[in-house]
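Trainee: Sequence unavailable; structure follows:
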């Protein structure tokens, strides 16, 4: 692999023209994650997975996008959200540039729930342009969560600033976790929660949705390893479907 | 100052509501800078200046945008350029989010020539929204360049991957400079160079425009210090014109 | 309830100003559903659910949108797909018009998988405008499918022109089902199926994904009843959160 | 002819590839038509004409668009207007899809005055794409109106919820006409009426512009027949100009 | 009246704030008008009418827009057409600027058939902004044409580079008319002519549609006077409806 | 050269197909220039330079655009500013039309500071379309100003309604200058003046930035001649780079 941000262009150009030809883009967010996790939590996770993935694929690692669509957390000051169209535009532009530079495909490693729709739109646009691209949204992580989680989830499929995300940051960079500030919150959601766009701050004063107290670095590492494997599993078919080099 | 990426939201929220209330956004690019400088050269410079500036202003330091409008260098593979409208949209979205989060003003530290027009458009949009914002494009650096430059410039005002930019990276992170790969190139420009949008790769095989061999970290530090002072000089009037806290 | 298409404006105006104040919009698609189901299958389902729902809520039933985003089925001629932005625009325009006309909220009953993202975008825009709106994407149907399905599903969560959808049309309008044309197809999907935008026609010649032969009208009625209840369950919280009349 | 909404895709695909290859799209509106005509009056007329036309041309009949640009009637609650750009987008998307599916040309049968400009824009876009398409705006109806009208028109060329439109609905579906609610209104228009965009509700409390009392189903049938013939006359040249099959 | 282009701002500012407060914008085109009339024919007519109108209304005369939407004449080189959206944008921007500058209303005098749709869209946008504006499309000219025309028209309502338009330029600036180059052309139109967007150059080699040989300056003056009166008649109601000064 | 506005299309078509094949577009503005210069000052200068340039290049002279982006002077009533995107759209449309009409390249002569960014965007778009185009922003004028200026400039590089611009209009059309209304103003600018979008009216009551009293027609002629030569110098390389005819 090669780290694009730290490398001169001829080295990256050679890598893009080489046998892998893949470029991996971590797409994060600057989003509240409770009083104990940093605003860049989603970016940290995306960068870690992208780094591991680029290593396994001998790919070009692109520098991360630190901002994403985090509209539903905008009520917690410090969150800095992009509009959905901006997220889409960034991914489309990067995909086109990678393709024009001789890259074989763009692999986006997404770290933020709110980016899903906008990144899907970007994949549609790139597909219409005939540019191979794929977004990876934590494949395999759900099963791994089932296996490691000790605390109760706040809502089905919801993992925000609780045991899961705290474990991930403990595994990636424990210095970023304010373990002295753990709080647990279990909101009382209305029946239409999760079915339509909704601000989250009325439901949790802290920004925690669940309980971080059972988090451990070991759980985080288990989740990362499982997700890396999930990514590789999905990519097997994707890469097999690319035009051969 | 506070580093937003590494901090939980309540700390950043408190800082945005505090006496400074400024948020500093480094806006870089992933752009070729010859065979000896990394693709992230413009981002490195913007982050360094933004970090120093945030320290002096007790501001919130936002994580950098690693991509910019580098259309004219797109002929060098490895360069990843955003469309102008995407650059504008990112800055507008960040400005709005900072304002909505209680920030007093957004200060963009721009590291890339191609971002100038798109960021100017963003400032126009934010101004129309009544959101205080300013972009700093290396104020004071031109005079400092005059004072330290020993090599000839390739064209009036052009500083790309030569003595000036190499000195900057030597001052910021010397490990990023491949000093063994220095080459000098002085293109033969047509009379309309610089008056209209033009690809650069037909003019320089290496991507260097000038001569990096006279670069030193000391010159880079002189340039950074002068530019920091230039930024502070410009901001004096800007901050004075903000509504008082 | 009142059927807007068949009613003069003063009657609809009175209903919108009345105690319910809800308007229900069925959003369908003109999409291939194999050789035995009509192109309007998704519209039929959406209209049927919307009609029952409007009855239960004493709402205004709006005429259906017969077209949706069915990009992934575009390889089967006869499918007529709208661009995602067009789907979004229609729902936004209808939401604004209902609100301007004195309606209390817009309830979109979605019948087409491809409309999910575009309708979510529309809900975001309406939310930003302060206009109450919600999209219902078959809440409760997944559990009911588990209960009635006898055939194997072609992929997790995939129900297209097979037992489930055929049962629905048999329950709604059996004359629309060409029972003499049943075929079963179980495609061999790559590992990245379902993770990125993909045309479906390379995977199934008929357009069937699964097996329609076990379909019955009784199963369809069970699914419809369960989904209607799912809709009512979700709406309970939504309506409770609306400003009182 | 074939009714796309009620047919499976292979049948429609075969028809689009056949000798006619035309697809007919009725474009209506949900617009006030006084206290006695339903909101879907324009859709009813467009569907009726499109149905007859598809029969004569052996064309594919597409399901109708029930919404149009009815901005000037927005002051009568119950009217649900699309933005002009949305009307344009729908027609463009359908034209592209029909062409991609092997259709020879799109024939739009327009039922709503406000759709004229937006549909003209759509035809411009399709023409630039090289996709044959035409919009029919009641050719031949004006002359037929002259022949059958007994009441006075409210303004030159204005026919809204009065004798003409009421006759049309009486001919198409008399159960939709509340004959007990006939009112006549003749507004006092300013000199700039008809020269610029203007809301209609300040001019007529009922939404009737003229007098419906002289309406008959026979007149409606005369108007429909004349308009069908007008459509066929216009289409003769259009179809003759298409590439031969 | 005051001619804005030739006046300093304080004089125009005073006039906009005065009792008339109207601003008149001539909107022309650079469009072929046969071998004998200049490309600016539509602009000449619009400017002449706007000048007379500004005199009668004591209005601010704005400098003309020399370009319009002349798509259907684009096959005659020399024609320079704007996209419809550009025409709309210009009129919207001017309307907003006039309003922000204290003007009471914008009166657009349109000289080009192709501008009608785009200017109507502009009026819609300005109306939604609450900015009074109106476009005048030769009111009263049709009746006057009936009275003076000696030659046959090429198609109902079509007047392009023939007796009518040549008379207008003879009345406005006879030096612009190449009387030695008169040719008459009567195209053989298909049945769908005039019902959909169509290029004109396949129908007339010269760009003349009709016969210019019976043109006279006296006829042109009659047409101008009648149209001026038509404009004043329409404006009577428009101005009466403006908020009083 | 040929003046397009005053010529029939066959003559312009022949010229566009001839050896020069260049089209020159003056792009002005309707912008305040103090109490003594007309609103069309920038247009006058652009037209004069474009006229001279077209003569030297045997080019097609296009009619001017009288409106530009003059946002920063919008506080002086009488200024009529276009949005930046409108300026861009006009230049793109004209460039495309000139190219489609057989022209070899578009040369825009810009007269207004605010048009620079928008016209640069237009040049980017045209370049992406493969359409040769260039904007000339007073090349060579700065040096000539240094040589002739007797008064002090209000800010570095700022020339607005003072000695320079007044001299230009005196040279072009002295009747347009109200010499009895000369006033000098030297604003007290904040430190961030010129670094971000800013309204000008808070800094100068008259709209003059500097001193017009030392203006002479002779100085204006010197400036025009120098700028013409600057334009020709820049164009030498541009024209040499065009495909040969």
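Mentor: Received it, and whenever you're ready, just let me know what you need. Note that the coordinates shown come from a computational prediction; the quantities given were computed from them, not determined experimentally. Numbers count the residues shown, from 1 in each chain, chains lettered A, B, ... in the order given.

Trainee: I'd assumed residue A:164 was in contact with residue A:170.
Mentor: No. Between residue A:170 and residue A:164 there is no contact under C-beta atoms under 8 Å: 10.8 Å. All C-beta spots, glycine's among them, are computed from the backbone N, C-alpha and C.

Trainee: pLDDT score for the residue in chain A that chain E sits nearest to?
Mentor: At 18.8 Å from chain E, residue A:85 is the closest residue in chain A, using C-beta to the nearest C-beta. Looking at residue A:85, its pLDDT is 97.

Trainee: what residues are up against it?
Mentor: Contacts for residue A:85 (C-beta atoms under 8 Å, 6 or more residues apart in numbering or on different chains) come out as A:118, B:89.

Trainee: give me the element it is part of.
Mentor: helix A:84-100 (DSSP states H and E).

Trainee: going on from that helix, what's the next piece of helix or strand?
Mentor: strand A:105-110.

Trainee: buried set for the helix holding residue A:85?
Mentor: Using 16 or more other C-beta atoms under 10 Å in any protein chain shown as the test for burial, helix A:84-100 gives A:84-99.

Trainee: and for residue A:170 and residue A:164, which residues touch both?
Mentor: A:215, A:219.

Trainee: what about residue A:230, distance to residue A:23?
Mentor: 20 Å (C-beta to C-beta, to the nearest Å).

Trainee: Comparing the two, which residue is more hemmed in?
Mentor: Between residue A:230 and residue A:23, counted using other C-beta atoms under 10 Å in any protein chain shown, residue A:23 has the larger neighbour count: 30 against 20.

Trainee: tell me the contacts of that one?
Mentor: Residue A:23 neighbours (C-beta under 8 Å, 6+ apart): A:4, A:16, A:59-60, A:62, A:98, A:103, A:105-107.

Trainee: and it, that's in a strand?
Mentor: Yes. Secondary structure assignment places residue A:23 in a strand (DSSP: H, G, I helix; E, B strand; the rest coil).

Trainee: so what's it bridging to?
Mentor: Beta-bridge partners recorded for residue A:23 (DSSP bridges): residue A:60, residue A:106.

Trainee: Which pLDDT value belongs to it?
Mentor: The per-residue pLDDT reported for residue A:23 equals 98.

Trainee: so residue A:141 touches residue A:225, yeah?
Mentor: No. Taking contacts as C-beta under 8 Å, residue A:141 lies outside contact range of residue A:225: 10.4 Å.

Trainee: Out of those two, name the residue with the larger neighbour count.
Mentor: Per other C-beta under 10 Å, whichever of residue A:141 and residue A:225 has more neighbours is residue A:141, with 21 against 14.

Trainee: Which pLDDT does the model give that one?
Mentor: 97.

Trainee: Could you state which residue of chain A sits nearest its centroid?
Mentor: Centroid-nearest residue in chain A: residue A:111, 1.4 Å away (criterion: C-alpha atoms, centre = their mean).

Trainee: Who are the contact partners of that residue?
Mentor: A:26-29, A:42-47, A:49, A:68.

Trainee: Could you find the closest non-adjacent residue to it?
Mentor: residue A:46 (3.1 Å; C-beta to C-beta, 6 or more residues apart in numbering or on different chains).

Trainee: Just the element for the one you found, please.
Mentor: Here residue A:46 is assigned to helix A:41-57, by DSSP H and E.

Trainee: Buried by neighbour count: which residues of that helix qualify?
Mentor: Those buried within helix A:41-57 under the rule 16+ other C-beta under 10 Å are A:41-54, A:57.

Trainee: likewise stretch A:126-144?
Mentor: A:126-127, A:131-141, A:144.

Trainee: ok, which pair from these is furthest apart?
Mentor: Greatest spacing in these, by C-beta to C-beta: A:131 and A:144 (31.1 Å).

Trainee: Would you tell me which helix is longest in chain A?
Mentor: helix A:217-240 (DSSP state H).

Trainee: what angle sits between that one and helix A:41-57?
Mentor: 50 degrees (axes from the mean of the first three to the mean of the last three C-alpha atoms, to 10 degrees).

Trainee: Off-centre distance for helix A:217-240?
Mentor: With C-alpha atoms, centre = their mean, to the nearest Å as the basis, helix A:217-240 stands 12 Å off its chain's centre.

Trainee: tell me the mean pLDDT over it?
Mentor: pLDDT averaged over helix A:217-240 gives 98.

Trainee: other SSEs contacting it?
Mentor: In terms of contacts (3 or more C-beta pairs under 8 Å, 6 or more residues apart in numbering or on different chains; DSSP states H and E), helix A:217-240 is packed against helix A:41-57, strand A:105-110, strand A:133-136, helix A:141-148, helix A:163-172.

Trainee: The shortest one and chain C in contact?
Mentor: Yes. Counting by C-beta under 8 Å from any C-beta of the partner chain, contacts between strand A:133-136 and chain C involve A:133-136.

Trainee: elements contacting that strand?
Mentor: Secondary elements touching strand A:133-136 (3+ C-beta pairs under 8 Å, 6+ apart): helix A:84-100, strand A:105-110, helix A:116-128, helix A:217-240.

Trainee: if you set the cut-off to 10 Å instead, what comes out?
Mentor: Secondary-structure packing of strand A:133-136 (3 or more C-beta pairs under 10 Å, 6 or more residues apart in numbering or on different chains; DSSP states H and E): strand A:22-27, helix A:41-57, helix A:84-100, strand A:105-110, helix A:116-128, helix A:217-240.

Trainee: And for the fourth one?
Mentor: On a contact count with 3+ C-beta pairs under 10 Å, 6+ apart, helix A:141-148 meets helix A:163-172, helix A:217-240.

Trainee: again, only using 7 Å
Mentor: helix A:217-240 (3 or more C-beta pairs under 7 Å, 6 or more residues apart in numbering or on different chains; DSSP states H and E).

Trainee: what is the orientation angle of the helix it packs on with strand A:22-27?
Mentor: Using the same axes, to 10 degrees: helix A:217-240 against strand A:22-27 is 140 degrees.

Trainee: Taking their axis directions, helix A:217-240 and strand A:105-110 sit at what angle?
Mentor: Using the same axes, to 10 degrees: helix A:217-240 against strand A:105-110 is 150 degrees.

Trainee: Please list the outside residues in contact with helix A:217-240.
Mentor: A:48-49, A:52-53, A:56, A:107, A:134, A:136, A:138-141, A:144-145, A:148, A:164, A:167-168, A:170-172, A:174, C:190-192, C:195 (C-beta atoms under 7 Å, 6 or more residues apart in numbering or on different chains).
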